[in-house]
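> Got a sequence here, can you build the structure:
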Amino acid sequence: MSSKLRKLETMKVFDITRHLDSEEAMAEYLSQVLEGGDNAELIRALGHIAKAKDLQPFQK
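From the prediction side, this is the model:
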């Protein structure tokens, strides 16, 4: 197995919800999406925010 393939196998999946840990972070994320995104991106962003809000009690 090549070293590039091994690196890909060990990479973690990026999860934006881990970074949406405050109301300010969520508001900034949403404003960025509203400024430059389309409807599909807005729907994904709202889903990310909803997931982050569900996880907040466990992050503290």
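> going forward, measure contacts between C-alpha atoms and count neighbours the same way
OK.
> now the helices for this structure?
For the chain, applying DSSP state H gives helices covering 3-10, 23-36, 39-59.
> so which of the ones you listed gets nearest residue 16?
helix 39-59 (7.1 Å; C-alpha to C-alpha).
> Show me what that closest one packs onto, helices and strands only.
With contacts defined as 3 or more C-alpha pairs under 8 Å, 6 or more residues apart in numbering; DSSP states H and E, helix 39-59 has these neighbours: helix 23-36.
> What sits closest to the most centrally placed residue in the chain if chain neighbours are left out?
In the chain, the centroid-proximal residue (C-alpha atoms, centre = their mean) is residue 16; its distance is 1.6 Å. Closest residue to residue 16 apart from its sequence neighbours, by C-alpha to C-alpha, 6 or more residues apart in numbering: residue 48 at 7.1 Å.
> before we move on, back to that, distance of the residue nearest to the centre of the chain relative to residue 22?
In this structure, residue 16 and residue 22 are 13 Å apart, going by C-alpha to C-alpha, to the nearest Å.
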